[in-house]
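S.K.: coords please:
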Amino acid sequence: DPRDGRILARATWVEVIAKAAVLDAEGRVQVAIAGRQGGEPLRAVVAEGMADPGRASLGFAEVPAHRRLYALPGGRMIGARTGPGASVWTPDRAERLEFMKDQLTDLAALDTFAVFLTERPVAAGLVDLAADPVELGRCPAPAAIATALAPPSPGSPHEPDALIVTPSLIERVHLSDCALVGLYAAPGHELTKAIASHDGRFVFAGTRAGSVLVWRDDGALVGLVDLHRAAVTSLALDPAGTTLYTGAWDGHLSTLDLATFDTPRAALVDAIRNAWEPGPTADGTESLAAPRRSP
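M.R.: Just a heads-up that it's a prediction; the model follows:
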């Protein structure tokens with residue numbers, strides 16, 4: 001639960017290869033997990049009502065080896081198969097529409113759009129999922145290792161932009177015409193994952209060393225935070241877009257308050273000063289004492 005950090009439910013799996021979570025129209029949490037449990041064949045667990053584990057209902061659906069799962073509006077799910085192609089499930093998981101014949105190396109979804117990376121040749125493509133999947137464009141991306149979606153840039157059509165992650169650079173591309181609309185450089189760092197803020201004003205990336213980098217949409221690097229001791233493998237935003245959640249191979253989940261990057265520096269300095277109370281030392285001089293506890 002992101003409100004207080006409580007673990008609502010836990011399951012032990014031998015292998016988990018994909019996961020997704022979404023709130024349905026009634027506000028219930030739906031979780032889908034694809035993996036192997038106790039040596040059993042690959043399958044998905046769909047859990048509804050996880051906010052109340054005592055009354056959670058579990059359902060099982062066959063999942064033919066999907067490595068990525070994402071939740072779509074209306075309760076649908078999209079997944080990238082370990083073999084060629086991708087699939088979209090209906091809300092009740094009763095029907096699955098398979099599309100594309102390419103071998104995918106990455107997949108990400110935002111609203112009713114999905115971006116993908118193909119293996120050979122390496123390219124990034126955009127799919128409209130509002131109805132039946134329709135590919136809107138595909139662009140070469142020879143050095144890409146991961147991808148994500150960002151809100152449309154000013155002056156762009158309604159389709160979202162793609163963040164194409166390379167080891168030292170992120171390109172922001174409009175895939176309908178392959179136009180480059182942004183660059184985010186990370187000299188001296190090896191990038192792993194990226195995500196954009198809900199309003200598109202910031203881009204975040206994890207590194208193999210465990211840091212998180214933050215850029216403004218104009219490409220200016222405004223933050224570098226050491227949150228982990230191993231490679232960052234997951235980045236996610238809360239629904240309000242005010243907190244960044246990061247996961248890494250060090251086994252920790254970290255949070256980052258995004259107001260830090262949206263507040264004038266002078267205001268941050270004042271807030272830090274106000275959080276500490278001066279206290280007397282043994283020789284009678286004033287020094288900083290322990291921080292005041294937040295209300």
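S.K.: so what's F113 up against?
M.R.: By CB atoms under 8 Å, 6 or more residues apart in numbering, F113 lies in contact with L126, V127, D128, L129, L149, E159, P160. C-beta here means a position set from N, CA and C on the backbone, and glycine is covered the same way.
S.K.: Let me know the distance separating it from W89.
M.R.: 17 Å (CB to CB, to the nearest Å).
S.K.: one step back: narrow the contacts of F113 to just the buried residues.
M.R.: L126, V127, L129, L149, E159, P160 (16 or more other CB atoms under 10 Å).
S.K.: my guess is the first one meets A141, correct?
M.R.: Which is L126. No - contact between L126 and A141 fails when scored by CB atoms under 8 Å: they sit 12.0 Å apart.
S.K.: Please give the element, helix or strand, for D270.
M.R.: For D270, the host element (DSSP states H and E) is helix 265-274.
S.K.: for L163, that is, sorry about that
M.R.: Here L163 sits within strand 161-165, counting by DSSP H and E.
S.K.: who does that strand pair up with?
M.R.: Strand 161-165 pairs in its sheet with strand 146-150 (antiparallel), strand 169-174 (antiparallel), by DSSP bridges.
S.K.: and those as CSV, adding mean pLDDT?
M.R.: Formatted as CSV, the strands paired with strand 161-165 follow (pLDDT from 0 to 100):
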stretch, mean pLDDT
strand 146-150, 91
strand 169-174, 94
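S.K.: Could you dump these into JSON lines with distance to D4 added?
M.R.: Shown next, in JSON lines, are the strands paired with strand 161-165 (distance: least, CB to CB, whole Å):
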{"stretch": "strand 146-150", "distance to D4": "28"}
{"stretch": "strand 169-174", "distance to D4": "33"}
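S.K.: looking at these, which is closest to D226?
M.R.: strand 169-174 (19.3 Å; CB to CB).
S.K.: What residues sit buried inside that closest one?
M.R.: Neighbour-count burial for strand 169-174 [16+ other CB under 10 Å]: I170, E171, R172, V173, H174.
S.K.: just checking, the first one touches V203?
M.R.: When you say that, I think you mean I170. Yes - applying CB under 8 Å, one finds I170 in contact with V203, separated by 6.5 Å.
S.K.: Overlap in contacts, these two.
M.R.: Common neighbours of I170 and V203 (criterion: CB under 8 Å, 6+ apart): L163, Y184, A194, W215.
S.K.: The helix holding D270 - what's its average pLDDT?
M.R.: Regarding helix 265-274, the rounded mean pLDDT is 68.
S.K.: quick one on the thing from earlier: from the buried ones among the contacts of F113, pick the one nearest A209.
M.R.: Closest approach to A209 among the buried ones among the contacts of F113 (CB to CB): L149, at 25.3 Å.
S.K.: quick one, helices of the stretch 51-200 of the chain?
M.R.: Using DSSP state H, counting those that start in this stretch, the stretch 51-200 of the chain contains no helices.
S.K.: Tell me where it has strands.
M.R.: Secondary structure of the stretch 51-200 of the chain (DSSP state E, counting those that start in this stretch): strands at 57-61, 66-71, 77-81, 86-89, 96-99, 104-110, 113-118, 123-128, 134-140, 146-150, 161-165, 169-174, 179-185, 191-196.
S.K.: Comparing those strands, which stretch has the densest surroundings?
M.R.: Comparing the strands of the stretch 51-200 of the chain by mean neighbour count (mean count of other CB atoms under 10 Å), strand 161-165 comes out on top with a mean of 28.
S.K.: what's next to it, contact-wise?
M.R.: 115, 124, 126, 141, 144-153, 170-175, 181-182, 191-196, 200, 203, 205.
S.K.: quick one: low-confidence parts of the stretch 1-150 of the chain?
M.R.: 2-3, 5, 8-67, 91-95 (pLDDT under 70).
S.K.: can we see that at 50?
M.R.: The stretch 1-150 of the chain contains residues with pLDDT under 50 at 14, 23-25, 41-44, 46-63.
S.K.: The stretch 151-295 of the chain too?
M.R.: For the stretch 151-295 of the chain (pLDDT under 50), the answer is 280-282, 286-295.
S.K.: please redo it, this time with the cut-off set to 70
M.R.: 154-157, 263-269, 271-272, 275-295.
S.K.: so L175 makes contact with P140?
M.R.: No - in this structure, L175 is not within contact of P140 by CB under 8 Å, at 10.9 Å.
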